[in-house]
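Trainee: Got a predicted model here, sequence first, then my questions.
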Amino acid sequence: MTRKAPMRPTDAELEILRVLWRRGPATVREVHEALERGPSVGYTTVLKLLQIMTEKGLVHRDETTRTHVYAARLGEKEAQQKLVDELLEKAFGGSASQLVMRALSAKPASAEELREIRQLLRDLEGGATR
């Protein structure tokens with residue numbers, strides 16, 4: 001039974017989604033090979049995870065060829081936004097400022113990231129001149 005809205009991915013499922021976002025649609029073998037650089041994960045584990053992810057609505061399986069091809073249902077930015085929205089509500093009571101302050105205190109931003117943050121703030125305040 002495929003759900004209408006994709007469920008939140010586990011850490012292992014996020015690793016697979018990162019492969020699919022980076023490579024595009026891929027077979028189980030291609031995903032497995034891309035994951036081999038990290039901790040050893042078996043082919044059958046990747047297959048089972050992709051089957052579960054299909055059921056959860058995280059990936060789409062193209063069955064038109066003998067070798068099934070899997071693709072992420074959501075783009076990377078869309079998936080990140082859903083995860084941030086959930087975290088924002090659950091952990092920070094909807095306070096974006098608390099989320100941003102906690103994130104920046106946990107891991108300092110690079111100079112480039114700070115420039116991007118400042119630009120985003122200017123854009124949000126309506127001060128962007130284009």
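Mentor: Thanks, I have the structure now. This is a predicted model, so every value here is computed, not measured. Numbers count the residues shown, from 1 in each chain.
Trainee: Which of the three states applies to Glu89?
Mentor: Three-state call for Glu89 (DSSP: H, G, I helix; E, B strand; the rest coil): helix.
Trainee: Could you chop the chain up by domain?
Mentor: Annotated domains of the chain cover 11-72, 76-125 [automatic domain parsing].
Trainee: tell me the mean pLDDT for the first one?
Mentor: What that stands for is domain 11-72. Mean per-residue pLDDT for domain 11-72: 92.
Trainee: roughly how far is that domain from the heart of the chain?
Mentor: Computed by C-alpha atoms, centre = their mean, to the nearest Å, the separation of domain 11-72 from the middle of its chain amounts to 13 Å.
Trainee: end-to-end on that domain?
Mentor: Domain 11-72 has an end-to-end distance of 15 Å (criterion: C-alpha to C-alpha, to the nearest Å).
Trainee: same deal with the shortest one?
Mentor: Domain 76-125 stretches 26 Å from its first residue to its last (C-alpha to C-alpha).
Trainee: Could you give the average pLDDT over it?
Mentor: 92.
Trainee: what's the nearest residue to Ala72 if we skip its chain neighbours?
Mentor: Leaving out its chain neighbours, the residue that sits closest to Ala72 by C-beta to C-beta, 6 or more residues apart in numbering is Leu20, at 4.4 Å. In short, each C-beta sits where N, CA and C put it, glycine included.
Trainee: Now for that neighbour: which residues touch it?
Mentor: Applying C-beta atoms under 8 Å, 6 or more residues apart in numbering, we find Leu20 in contact with 26, 31, 59, 70-72.
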